[in-house]
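Enquirer: Need a 3D model of the following:
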Amino acid sequence: LIIYLYLTQAVAIMHGAIFLLLLAIALTAPAFADQRCAYLRCRTEFRKAGAYCAHGDFAHYCMCRNGLDEALLMQCPYGQIFNEFLNKCGQNSERNQDLCRNFFRTRGMSPHGFGH
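Expert: As a prediction, this is how the structure comes out:
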């Protein structure tokens, strides 16, 4: 009976350790980089934990997270687009669209994204 209790306790501890290991891997693994955010290398950007225009898509933005190089693609609320100057979503205006277009032009990139 004592051996059985030790074995069941050891199995429970092992399951807990495996769960924690898998959780740690899942939390530290880089997210799949969306094509619209692939241009970013967050560790070397001037806003390491900031948001940036999504390439060719005004209604989305790329969010850098401290310590990770790849950015996550995020969506603005319905009807809004990303404002590069304010670093947040805002009014869908020609001015805000121009901010993202100019952001890519200063990087020597086409503002229209891939396939355009």
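
Enquirer: helices or strands up against the longest strand seen in the chain?
Expert: Longest strand in the chain by number of residues, with DSSP state E as the criterion: strand 57-63. The contact analysis (3 or more C-beta pairs under 8 Å, 6 or more residues apart in numbering; DSSP states H and E) places strand 57-63 against strand 51-54, strand 72-75, strand 80-83, helix 94-106. (Glycine included, C-beta is placed from N, CA and C.)

Enquirer: and the angle from that strand to helix 94-106?
Expert: For strand 57-63 against helix 94-106, the angle by axes from the mean of the first three to the mean of the last three C-alpha atoms, to 10 degrees is 60 degrees.

Enquirer: pLDDT averaged over strand 57-63 - what is it?
Expert: Here strand 57-63 scores 92 as its mean pLDDT.

Enquirer: Go through it and flag the buried ones.
Expert: For strand 57-63, a neighbour-count test (16 or more other C-beta atoms under 10 Å) marks 57-58, 60-63 as buried.

Enquirer: How about residues contacting it?
Expert: Under the contact criterion C-beta atoms under 8 Å, 6 or more residues apart in numbering, strand 57-63 has outside partners 34, 36-37, 40, 50-54, 71-76, 80-82, 89, 92, 96-97, 100, 113.

Enquirer: From what I see, L72 and R65 are in contact.
Expert: Yes: using C-beta atoms under 8 Å, L72 makes contact with R65 at a distance of 7.0 Å.

Enquirer: who has more neighbours, those two?
Expert: L72 (18 against 14; other C-beta atoms under 10 Å).

Enquirer: is that one in a bridge, and if so with what?
Expert: M63 (DSSP bridges).

Enquirer: contacting residues for it?
Expert: L72 neighbours (C-beta under 8 Å, 6+ apart): 31, 34, 37, 62-63, 65.

Enquirer: Make a markdown table from those residues and add distance to T44 to it.
Expert: What follows is the contacts of L72, written out as a markdown table (distance: C-beta to C-beta, whole Å):
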| residue | distance to T44 |
| --- | --- |
| A31 | 18 |
| D34 | 19 |
| C37 | 14 |
| C62 | 14 |
| M63 | 16 |
| R65 | 14 |
